[in-house]
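Undergrad: Structure here, sequence nowhere to be found:
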C-alpha cells in the first residue's frame with residue numbers, strides 16, 4: 001500500500017521543496033558589524049528603482065536605516081549623466097557626506113566626431129558636482145550596440161578616452177561586466193541556477209549573438225591591463241567568484257584592480273577554505289558591498305556572519321528559499337586586521 005507521504009514525495013515539484021536542516025551546530029549570532037562599514041555597492045537611482053525612483057523612498061529615512069544596520073557611508077552607483085545626474089543629486093541632498101555618488105557617460109555616442117570632448121566635459125562637470133567615480137553596467141558588452149549594429153565590447157579602443165580621462169581626473173571606474181557563469185550556460189538539468197533562470201528567463205545570456213562569458217573575461221582583462229593608470233573596481237567578486245583562483249591571478253598581475261563582494265555571498269560562502277585564503281592574500285584589494293537598494297530590505301546580516309564567524313551551514317540570504325542556488329554557506333572568521341580593511345579601510349584608502 002502506498003502511503004499519503006509517498007504520494008506527496010513522488011509528486012513534489014522542486015520549486016515546492018523547502019528542506020529544513022536537522023543539523024545541530026554551534027552558531028554565533030551576529031546582528032551588527034564588529035567595525036563601521038562602508039558599503040561600496042548601493043543604488044539610490046534609476047538603475048534598479050526605475051525612472052520614478054524619486055518617489056520610491058525618503059532619503060532621510062533610508063540614511064537612518066543604513067546607519068541602524070552599522071553602515072557609516074555608502075557608494076551610490078548609477079548610470080546617469082547630465083540632467084539625470086542633477087536630478088539624482090537633488091534627491092540625495094543634503095546627505096552627500098553619507099552618500100558618495102558614481103555617475104557615467106553615454107557610450108553610444110562613441111562614433112560621433114566630438115566624443116572625446118563630450119567625455120572630457122561630462123566627466124569634468126561630474127567631478128565638479130562631487131561625483132567620485134564612474135559606473136558602467138553589464139549593458140555595455142551585452143546589450144548596447146554601436147552604429148554598425150555590433151555589441152560594444154568593454155575594451156573597444158573608441159572608449160579609451162573614458163578610462164584615460166578618469167585617470168586624469170582621479171575618478172575610480174566600477175564595472176559590472178558579467179553575471180554568474182550559469183547565466184551563460186544552457187538552461188537545462190545541469191544548470192545550478194535553473195530555478196532562478198526559470199523565474200527570470202531574461203537573465204539568460206546563452207545566445208549565439210552575444211559575447212560568451214569567456215569573451216567578456218578576456219575583454220575585462222584587456223581593459224585593466226591596457227589602462228594601468230586607471231583604478232578599476234570589478235564588481236561582484238571580479239566577475240568570476242566561481243573561480244577565485246582566476247580572480248587571484250588578475251589581482252596579482254594588475255595592481256590597479258580591486259573587487260567588491262556584492263551579491264556574491266552565495267559563491268564566496270560555499271568555498272570557505274578557498275575564500276579565506278583569498279581574503280587573506282588580497283586583503284588590501286577587497287571592498288565590502290551587498291548591492292543594497294534604497295527602499296528595499298537590507299540583507300547585511302549574512303554578510304557580517306560570513307566575514308566574522310566560523311558558523312557552519314547557514315543561509316546566504318534572508319529569504320526562505322535562497323534565490324541564487326540550493327546550497328548553504330560557511331563563515332570564514334577573518335582576523336580583525338583583515339576585517340577592518342574589508343569593512344572600511346580599503347574604501348577609505350580609495351577616497352570613498
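TA: Sure, I can see it. As the structure is a prediction and not an experimental result, all values here were calculated from the model.

Undergrad: List the buried residues in the helix or strand harbouring residue 87.
TA: Per DSSP states H and E: residue 87 is located in helix 82-92. Residues of helix 82-92 classed as buried: 84, 85, 88, 89, 91, 92 (neighbour count, 16 or more other C-beta atoms under 10 Å). In short, each C-beta sits where N, CA and C put it, glycine included.

Undergrad: With pLDDT added, can I get the residues you listed in CSV?
TA: Compiled in CSV, the buried residues of helix 82-92 are given as follows (pLDDT from 0 to 100):
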residue, pLDDT
84, 98
85, 98
88, 98
89, 98
91, 98
92, 98
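
Undergrad: next structured bit after the helix holding residue 87?
TA: Counting by DSSP H and E, what follows helix 82-92 is strand 99-103.

Undergrad: now that next one and helix 82-92, what's the angle there?
TA: 170 degrees (axes from the mean of the first three to the mean of the last three C-alpha atoms, to 10 degrees).

Undergrad: Residues touching the first helix or strand past strand 99-103 going along the chain, excluding its own?
TA: Per DSSP H and E, the first helix or strand lying C-terminal to strand 99-103 is helix 115-128. Applying C-beta atoms under 8 Å, 6 or more residues apart in numbering, the contact partners of helix 115-128 are 81-82, 85, 103, 105-106, 109, 112, 134, 158, 161-162, 165-166, 169-171.

Undergrad: same check, this time on stretch 281-291
TA: 37-43, 75, 233, 235, 248, 251, 257-263, 265, 279, 298-300, 303, 337-338, 341-344, 346-347, 349-350, 352.

Undergrad: Take those and keep only those in helices.
TA: Per DSSP state H, helices hold the following members of the contacts of stretch 281-291: 235, 248, 251, 265, 279, 303, 337, 338, 346, 347, 349.

Undergrad: Residue 175: which of those is nearest?
TA: Comparing the ones in helices among the contacts of stretch 281-291 against residue 175 with C-beta to C-beta places residue 235 closest, at 6.5 Å.

Undergrad: Not counting residues beside it along the chain, what's closest to that closest one?
TA: Leaving out its chain neighbours, the residue that sits closest to residue 235 by C-beta to C-beta, 6 or more residues apart in numbering is residue 176, at 4.5 Å.

Undergrad: show me the contacts for residue 142.
TA: 151, 205, 210, 211, 216.

Undergrad: hmm, which of the residues you listed are the buried ones?
TA: 151, 205, 210, 211, 216.

Undergrad: got JSON lines for those, with pLDDT, secondary structure and distance to residue 198 too?
TA: Shown next, in JSON lines, are the buried ones among the contacts of residue 142 (pLDDT from 0 to 100; DSSP: H, G, I helix; E, B strand; the rest coil; distance: C-beta to C-beta, whole Å):
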{"residue": "151", "pLDDT": "96", "secondary structure": "strand", "distance to residue 198": "25"}
{"residue": "205", "pLDDT": "96", "secondary structure": "coil", "distance to residue 198": "15"}
{"residue": "210", "pLDDT": "96", "secondary structure": "coil", "distance to residue 198": "19"}
{"residue": "211", "pLDDT": "97", "secondary structure": "coil", "distance to residue 198": "23"}
{"residue": "216", "pLDDT": "98", "secondary structure": "helix", "distance to residue 198": "23"}
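
Undergrad: hang on, isn't the residue nearest to residue 235 packed against residue 139?
TA: No: counting by C-beta atoms under 8 Å, residue 139 is not a contact partner of residue 176; they are 9.2 Å apart.

Undergrad: Looking at the two, which one has more neighbours?
TA: residue 176 (25 against 15; other C-beta atoms under 10 Å).

Undergrad: Now the phi/psi pair for the more buried one, please.
TA: In terms of degrees, to the nearest 10, the main-chain angles of residue 176 are phi -100, psi 100.

Undergrad: and the gap between it and residue 233?
TA: Computed as C-beta to C-beta, to the nearest Å, the residue 176 to residue 233 distance reads 10 Å.

Undergrad: Tell me where the stretch 201-350 of the chain has strands.
TA: Ranges of strands within the stretch 201-350 of the chain are 232-234, 257-260, 286-287, 292-293, based on DSSP state E, counting those that start in this stretch.

Undergrad: Before I go, just wanted to say thanks for your time.
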